[in-house]
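Enquirer: model the following, please.
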Amino acid sequence: MKIKLIVGFRRDQEHSIPADEAHKAYYLFLHPDERGIFSNGLAIKGDQIQEIVPDYQGTMGWNPTHMLDSNDWNELREKGITDKMQRILSIGKEVAQKALPQEMNTPLSQLIAQKYPQLTESAERREGATKSLKELLPKKI
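Expert: Numbering: from 1, shown residues only. Just a heads-up that it's a prediction; the model follows:
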């Protein structure tokens, strides 16, 4: 999965990065004087980032200039990509606010698994994720 850092108004002022580095992007956004380097080699200063958005084209392996149409959006929703991307962005923002600066080079998935597992649970509650009664009931009655 990929996210996009928008640093200007033109199409060539968008940079795609792995979603596993969403927390680093948010950290830089929240700390505009800090500098960061992403795994794909993009080096950027926090004050250059104007927006952090899902990169649906990059995630799906489509051409970056491809304009999403209604069929594309239907496919993204059917595959659960839109929900996953919103969850990643939400969790990435929370990790950026809570984590130590030296943890920004650790992949987001690793930080969630090792240090912040409660964030996935709270994200599911906020998004109204439903569970079956079987999941809610105790194993033995």
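
Enquirer: quick one: pLDDT of the closest residue to His66 other than its chain neighbours?
Expert: In space, and not counting its chain neighbours, His66 is closest to Gln57: 5.3 Å by CB to CB, 6 or more residues apart in numbering. Using the backbone N, CA and C atoms, a C-beta is placed for each residue, glycine as well. In this model, Gln57 is scored at 94, pLDDT.

Enquirer: host element of Gln57?
Expert: Assigning secondary structure by DSSP states H and E places Gln57 in helix 56-60.

Enquirer: what is that helix packed up against?
Expert: strand 2-6, helix 70-78, helix 81-98 (3 or more CB pairs under 8 Å, 6 or more residues apart in numbering; DSSP states H and E).

Enquirer: output stretch 21-29 as PDB, nothing but the C-alphas.
Expert: C-alpha atoms of stretch 21-29 as PDB (Å, rounded to 0.1, in the frame of the first residue of the first chain):
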ATOM      1  CA  GLU A  21       6.100   5.100   6.700                       C
ATOM      2  CA  ALA A  22       2.800   7.000   7.200                       C
ATOM      3  CA  HIS A  23       3.900   7.800  10.800                       C
ATOM      4  CA  LYS A  24       7.100   9.400   9.600                       C
ATOM      5  CA  ALA A  25       5.200  11.600   7.100                       C
ATOM      6  CA  TYR A  26       2.900  12.700   9.900                       C
ATOM      7  CA  TYR A  27       5.800  13.300  12.200                       C
ATOM      8  CA  LEU A  28       7.400  15.600   9.700                       C
ATOM      9  CA  PHE A  29       4.100  17.300   9.000                       C
END
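
Enquirer: neighbouring contacts of that stretch?
Expert: 3, 5, 17, 34-36, 38-39, 44-46, 49, 52, 88-89, 91-93, 95-97, 99, 101, 104-105, 107-108, 111 (CB atoms under 8 Å, 6 or more residues apart in numbering).

Enquirer: next one: stretch 106-119
Expert: 19-23, 88, 91-92, 94-95, 98-99, 103, 120.

Enquirer: now it: buried residues?
Expert: Thr106, Leu108, Leu111, Ile112, Tyr116, Leu119 (16 or more other CB atoms under 10 Å).
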